[in-house]
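Sequence and predicted structure are below.
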Amino acid sequence: MEQQPTAKDDFKARRGGSGKLRVWQWLDDPRVSIRERLNDSGGVGYRVTLPKNLTGGRVIFIQSRDFEAAKEIARSKGREFRESRSTALALPDDKKLQAASAIRTLADHGVTFGLDDVARQYCSAAAHLKPSGLSVSEAARQLAEAITLANRAGKPLLDVLTFAVERLCPAGGNKTLKELADEMIEMKRGWLARGDLRDASFRDFDDRAGRIGNEIGSFPLPDLTKQILYGWLNGLPLAPRTKKNYRAVLAEVLAYAKQKRYIASNPLEEFTRQDFKEIEGAGGEAQQPAILSPGDAEKLLQAAFKAPELDLGAAVVLGLFGGIRTEELKRLTWDAVRLAEKDPFVVIGPEIAKKRRIRNVPLPECALAWLARWDHGDRKAVARSTHANDYQKRFKKLCVAAKLNWDANAMRHSFGSYHYAKYGNSVETARILGHKSDDTVLFSHYRALTTKAQGEAYFAILPPPQASAVIPFPATASVGA
């Protein structure tokens, strides 16, 4: 194998050797030298020296652990300063003064690089910044401030910027709160059309989400803060329970926004329990629900049966003595009312039950007695509801006829209170009402303080005696689906 010729060494040993530290001079420019130096560990390193008469400023020392690397540094820097020196000699006086001023400025700021190095770095920085429109000095100022802020977080600047950009420029795109609310309303409208959402649920969401969009919808989603949401919820001129309902819709909307990556974090999740108490009131849940006295319940029944055109008699019976929800009553059909069974009951199937919590509701003797007086003809529905507010409008007329001040859910609350008072079985009462698992909701929202005697009186309300024959309940009504 042919041996490659050894490259000519352009450094000459000037002194040293035989155990002494050595010094080498660069043959191309003897002003540039390399000196051996002892390290603190006892090893040998190398220092390149570039004198004043070469740099045009201060002496420059560059350290290296490797001799060959030191020689390359000496060559590179030596050529650089010689070329700079030649250029400087050719400069007119005004340019020389500018260069001298620049060197003094570098020295004042403790910069040890040569003027050429600084000029190259400046030009490179200016080129990188050109698309942003920032000057080098302005970019340096902003960078220094950004690094200071990043240091407070204890994170690298790039990590801090990434975190901020994910929140300010969400991956899912930019939307306002109103655009998001409208998107969800349309999505739920599609569910309603497919039968996956009930009309009442859609109307409630449409109303509340629409108000949210109209009142605070101009905010871009990334700009929403806890303070904005707190101020809006707290300022609603509504009852505590209604505020809580708006909060629930807002929570659903913002959870959807996070899933779609319109926001990186949900500001509603920053609320504390104390925040919600301040907005919705601490004592709202402890208030007893409004219920009907046994006397008022009887007045409501009698008024319903005296006004059959309102088509609410059976609905009132099943609401008072079965605790069936209003929305369930509006969808209930007679084939679910099993009167021919040994122990009659009403089937609340998945197609009408709230949150699909199916159940059988037993019918007490008083309910059977009232239903026997109700002639529903060949109508399929227990109570007609031809449009969104049809049932409610007729019920208001019924309350006027009965001379009662109505409270929403009063029939259901009355059933829960009197049933528990009479039988003393909270779990069974909760089951009939369709509560999820235990009696927590019963005691928190449905039960008012009543006595066993009042419970017995309530479930002893019977229709008045009739001189004429009663209208028999059609046999077809007892046939289960």
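Nice, thanks for sending it over.

How many residues are close by residue 213?
Around residue 213 sit 21 other residues, with neighbours defined as other Cβ atoms under 10 Å. All C-beta spots, glycine's among them, are computed from the backbone N, C-alpha and C.

For it, what are phi and psi?
The phi and psi values for residue 213, taken as degrees, to the nearest 10, are phi -60, psi -40.

Residue 246 and residue 143, how far apart?
As judged by Cβ to Cβ, to the nearest Å, residue 246 and residue 143 stand 45 Å apart.

Over to residue 263?
28 Å.

Compare residue 246 and residue 143 (neighbour count), which wins?
Applying other Cβ under 10 Å to residue 246 and residue 143 shows that residue 246 carries more neighbours, namely 19 against 12.

nearest spatial neighbour of the more buried one, skipping sequence neighbours?
Nearest non-adjacent residue to residue 246, counting by Cβ to Cβ, 6 or more residues apart in numbering: residue 208, 5.6 Å away.

Touching, that neighbour and residue 249? I think so.
Yes - the criterion here is Cβ atoms under 8 Å, and residue 208 meets it with residue 249 at 4.2 Å.

Show me which residues of the top helix by length along the chain are buried.
The residue-count maximum for a helix in the chain (DSSP state H) belongs to helix 67-90. Residues of helix 67-90 classed as buried by neighbour count (16 or more other Cβ atoms under 10 Å): 67, 70-71, 73-75, 77-78, 80-81, 84.

Shouldn't residue 34 be within a strand?
Yes - counting by DSSP: H, G, I helix; E, B strand; the rest coil, residue 34 is part of a strand.

for it, what are its contacts?
11, 23-24, 26, 46-49, 67, 70-71, 74 (Cβ atoms under 8 Å, 6 or more residues apart in numbering).

Excluding chain neighbours, give the residue nearest to it in space.
In space, residue 34 is closest to residue 24, 4.5 Å off (Cβ to Cβ, 6+ apart).

Low-confidence regions, the stretch 101-250 of the chain specifically.
The stretch 101-250 of the chain contains residues with pLDDT under 70 at 160, 162-173.

Likewise for the stretch 251-400 of the chain?
Using pLDDT under 70, the stretch 251-400 of the chain drops low at 282-289, 354-357, 388.

can you give me the strands for it?
Using DSSP state E, counting those that start in this stretch, the strands of the stretch 251-400 of the chain run over 337-338, 345-348, 359-362.

Packing partners of the last one?
Going back to what we said before, that points to strand 359-362. helix 313-322, strand 345-348, helix 426-433 (3 or more Cβ pairs under 8 Å, 6 or more residues apart in numbering; DSSP states H and E).

okay if I get the ones you listed as a markdown table plus distance to residue 103 and mean neighbour count?
Converted to a markdown table, these look like this (distance: least, Cβ to Cβ, whole Å; neighbours: other Cβ atoms under 10 Å):
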| stretch | distance to residue 103 | mean neighbour count |
| --- | --- | --- |
| helix 313-322 | 94 | 26 |
| strand 345-348 | 91 | 20 |
| helix 426-433 | 88 | 19 |
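
Switch the ones you listed over to a markdown table; also include distance to residue 33.
Formatted as a markdown table, those follow (distance: least, Cβ to Cβ, whole Å):
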| stretch | distance to residue 33 |
| --- | --- |
| helix 313-322 | 105 |
| strand 345-348 | 99 |
| helix 426-433 | 95 |
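
residues near residue 450, how many?
Neighbour tally, residue 450, other Cβ under 10 Å: 22.

close enough to count as contact, it and residue 415?
No - using Cβ under 8 Å, residue 450 is not in contact with residue 415, being 11.2 Å away.

just to revisit the earlier point, SS state for the residue nearest to residue 34?
Secondary structure, three-state DSSP: residue 24 is strand.

re the thing from before, please point out which parts of the helix or strand containing the residue nearest to residue 246 sit buried.
Assessed by DSSP states H and E, residue 208 sits inside helix 199-216. Of all the residues in helix 199-216, those buried under the rule 16+ other Cβ under 10 Å are 200, 202, 205-206, 208-210, 212-213, 216.

what's near enough to touch the residue positioned nearest the centre of the chain?
Residue closest to the average C-alpha location in the chain (Cα atoms, centre = their mean): residue 266, at 2.6 Å. Residues near residue 266 by Cβ under 8 Å, 6+ apart: 254-255, 257-258.

Helix or strand: which one has residue 94?
Per DSSP H and E: helix 93-108 holds residue 94.

coming back round to it: spit out the contact partners of the residue nearest to residue 34.
With Cβ under 8 Å, 6+ apart, residue 24 has these contacts: 11-14, 33-35, 71.

Out of those, give me the one that has the most neighbours.
Most crowded among the contacts of residue 24, counting by other Cβ under 10 Å, is residue 34 at 24 neighbours.

count of neighbours near residue 128?
Neighbours around residue 128, by other Cβ under 10 Å: 12.

next one: residue 259
10.

Could you do the one 4 residues further on as well?
In terms of burial, residue 263 registers 23 neighbours under the definition other Cβ under 10 Å.

One more: residue 185?
By other Cβ under 10 Å, the residues close to residue 185 number 17.

Quick check: it vs residue 210, distance?
7 Å.

Kindly report the same for residue 126.
53 Å.

what's the answer for residue 265, then?
Residue 265 is 25 Å from residue 210, by Cβ to Cβ.

ok, now residue 28?
From residue 28 to residue 210 the distance is 82 Å (Cβ to Cβ).

again, but for residue 461
From residue 461 to residue 210 the distance is 42 Å (Cβ to Cβ).

Same check on residue 428?
Taken as Cβ to Cβ, the span from residue 428 to residue 210 is 40 Å.

and if you look at residue 235?
18 Å.

Over to residue 27?
Using Cβ to Cβ, residue 27 is found at 87 Å from residue 210.

who's in contact with the residue nearest to residue 246?
For residue 208, the contact set (Cβ under 8 Å, 6+ apart) comprises 245-246, 249.

can I get the residues you listed in a markdown table with distance to residue 114 and secondary structure?
Output for those, formatted as a markdown table (distance: Cβ to Cβ, whole Å; DSSP: H, G, I helix; E, B strand; the rest coil):
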| residue | distance to residue 114 | secondary structure |
| --- | --- | --- |
| 245 | 72 | helix |
| 246 | 68 | helix |
| 249 | 67 | helix |
